[in-house]
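In: quick one, what's the 3D model for this:
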Amino acid sequence: MAAETIPNLIFTGVLEWTTEAACQGQTRHFFAPPGERPEARVVREAQAQEVCSTCHVLGECRDWAREHREYGYWGGESEEERAAAGYRVDMPVGRAARYPRGDGRPVRPREIRSA
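Out: Reported below is the predicted structural model:
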């Protein structure tokens, strides 16, 4: 079964700024597809940054992503860049092995067992 997409979401109220966003209709640049390789992510995020650099609501977008712990590329920032700025997502992409329960605490390394 093919996945359905909703190409035109209409937000009101708090997200009204999205109607002025330069990224409308370009979600493929802002959210990683399943199994994305690191090299592909670099290219995709460079394309996203190019779009963000022309956006009139960049600040609102960045603030929203930081406040709501969003995944993806928002307001000119990736999850890692938001984390470096002190704003963390619930479980950063690629961290599932280290944070398996999603409680934000690293799991201790396994002890080496002697044979």
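In: isn't residue 78 up against residue 42?
Out: No. Residue 78 is not in contact with residue 42 according to CB atoms under 8 Å; the separation is 10.2 Å. In this view, the C-beta of every residue, glycine as well, is placed from N, C-alpha and C.
In: the two: who's more crowded?
Out: More neighbours surround residue 78 than the other of residue 78 and residue 42, with 22 against 10 (other CB atoms under 10 Å).
In: show me where the protein has helices.
Out: For the chain, applying DSSP state H gives helices covering 38-52, 58-67, 79-84.
In: in the helix or strand of the chain at the bottom of the mean pLDDT ranking, what's buried?
Out: Ranked by mean pLDDT, DSSP states H and E, the weakest helix or strand in the chain is helix 79-84, scoring a mean of 86. Residues of helix 79-84 classed as buried: 79, 82 (neighbour count, 16 or more other CB atoms under 10 Å).
In: put the alpha carbons of it into PDB.
Out: Written as PDB, here are the backbone C-alpha positions of helix 79-84 (Å, rounded to 0.1, in the frame of the first residue of the first chain):
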ATOM      1  CA  GLU A  79      18.400  18.300  15.200                       C
ATOM      2  CA  GLU A  80      22.100  18.200  16.000                       C
ATOM      3  CA  GLU A  81      22.500  22.000  15.600                       C
ATOM      4  CA  ARG A  82      19.500  22.600  17.900                       C
ATOM      5  CA  ALA A  83      21.000  20.200  20.400                       C
ATOM      6  CA  ALA A  84      24.300  22.000  20.300                       C
END
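In: quick revisit: looking at the helices of the chain, which is nearest to residue 16?
Out: helix 58-67 (9.4 Å; CB to CB).
In: tell me what angle the closest one forms with helix 38-52.
Out: Taking axes from the mean of the first three to the mean of the last three CA atoms, to 10 degrees, one finds helix 58-67 and helix 38-52 inclined to each other by 140 degrees.
In: contacts for helix 58-67 next, please.
Out: 15, 17-18, 21, 52, 55, 70, 72, 74-77, 82, 85, 87 (CB atoms under 8 Å, 6 or more residues apart in numbering).
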